[in-house]
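Visitor: Here is my input; please provide its structure:
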Amino acid sequence: MTYVLLLAFLPQDDFDSLRQALFAAVAAGDHAAIQKPFSRLLEFDNARLPGSLIDAYDKIPPLLKTLDKEKLRLERIMEDTKDRYVNGKNMGDPPEFLKAREQYGKVNGRIATLQIYQPRFLRGMERLSSPEAIGAVIQVTKRADWYVRAHAVTALAGK
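Guide: Numbers count the residues shown, from 1 in each chain. Predicted coordinates for the structure are as follows:
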């Protein structure tokens, strides 16, 4: 009975909530929102961390593909709505152009953030030092993606 009461007062492991916060921040492409859970997750030196870092890494390519399509769509809108004068009359749509240009800047910012964090997630494996975490990194070397394997080998080479 005493053991159950002690368990109730022990601090809860927030690894899973941090992992979900990281994934949500990656989906949003927000630098500040990614950095906080990423930094906190790196404090966990356990076997779950390499898999979580790779999961975050794996979420980025489809997001980049979607953002690239959005970027092209916005470029077309800006081209269609830019100022162009015919017989002294503006045939463009300045408000629509400005709206598209603002969205274009935000999309470029999200793309840049994701491109920055993609290798950072894998480099996070270099901080691991516990035997169970290193064992998980060794399992990562069996993945098909050469880029992920290269980061795992680099992480292991520093140990």
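Visitor: Quick one: classify A150 as helix, strand or coil.
Guide: Of the three states, A150 takes helix under DSSP: H, G, I helix; E, B strand; the rest coil.
Visitor: What's the biggest helix in this protein, counting residues?
Guide: helix 48-81 (DSSP state H).
Visitor: other SSEs contacting that one?
Guide: helix 15-28, helix 31-42, helix 94-123, helix 131-140, helix 146-157 (3 or more CB pairs under 8 Å, 6 or more residues apart in numbering; DSSP states H and E). In short, each C-beta sits where N, CA and C put it, glycine included.
Visitor: Now the residue most central in space within the chain: closest residue in space that isn't a chain neighbour?
Guide: For the chain, the residue nearest the mean C-alpha position is V26 (3.6 Å; CA atoms, centre = their mean). Take V26 and drop its neighbours on the chain: the residue closest to it by CB to CB, 6 or more residues apart in numbering is K59, 5.2 Å away.
Visitor: so how far is R143 from D55?
Guide: From D55 across to R143, the span is 12 Å (CB to CB, to the nearest Å).
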